[in-house]
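Undergrad: Curious how this folds, go ahead:
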Amino acid sequence: MRSKIDLSSTIKYIAGLFDGEGCGGIYKHHQSKICKIQIKMTNFGPIDYVNKHFPGYIGYYQLPSQKWCMYWILQHKSAYRFAKTILPVVKNLAKVRQLNKIIDHYEIGGKVHNVYLF
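TA: This is a model prediction of the structure:
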């Protein structure tokens, strides 16, 4: 079992990755909305680490420079749980606003609907 110190440093590390390389928001998809968080990097190690702690979808694509880029995506309620977990330690104000939009989407009248936190 992990100690609180290990978990705290893990959350801070993942929040730092999101601060630097991530983005999030609510996107229109046909006639519905999707809450989405993603991190993209050419260094695959950190994304594998994030996926170990917050399992999501991983994909790859090739950049014009011929380097491969890896991306990690969380959607819907998984994005909400991630946002709630890292929000207290995110430093970048633009990223804080992105996370708050996702959280606000699920929290109606101060109540969380149909979402289970870890």
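Undergrad: Nearest residue to the middle of the protein?
TA: With distances taken as Cα atoms, centre = their mean, Ile37 lies nearest the centre of the chain, 4.2 Å away.
Undergrad: That residue sits in which helix or strand?
TA: Using DSSP states H and E, Ile37 sits within strand 32-41.
Undergrad: residues near Tyr27, how many?
TA: The tally of other residues near Tyr27 (other Cβ atoms under 10 Å) stands at 11. (C-beta placed from N, C-alpha, C; glycine too.)
Undergrad: Gln66 too?
TA: Gln66, neighbours per other Cβ under 10 Å, totals 6.
Undergrad: backbone phi and psi for it, please?
TA: Phi and psi for Gln66, reported as degrees, to the nearest 10, are phi 80, psi 0.
Undergrad: Now tell me which helix or strand of the protein has the poorest mean pLDDT.
TA: strand 111-112 (a mean of 59; mean pLDDT, DSSP states H and E).
Undergrad: residue ranges for the helices of the chain, please.
TA: Counting by DSSP state H, the chain has helices at residues 4-21, 44-53, 76-86, 93-106.
Undergrad: and the ones you listed, which is most packed in?
TA: helix 76-86 (a mean of 20; mean count of other Cβ atoms under 10 Å).
Undergrad: Next, the angle from it to helix 4-21.
TA: Inter-element angle recorded for helix 76-86 and helix 4-21: 110 degrees (by axes from the mean of the first three to the mean of the last three Cα atoms, to 10 degrees).
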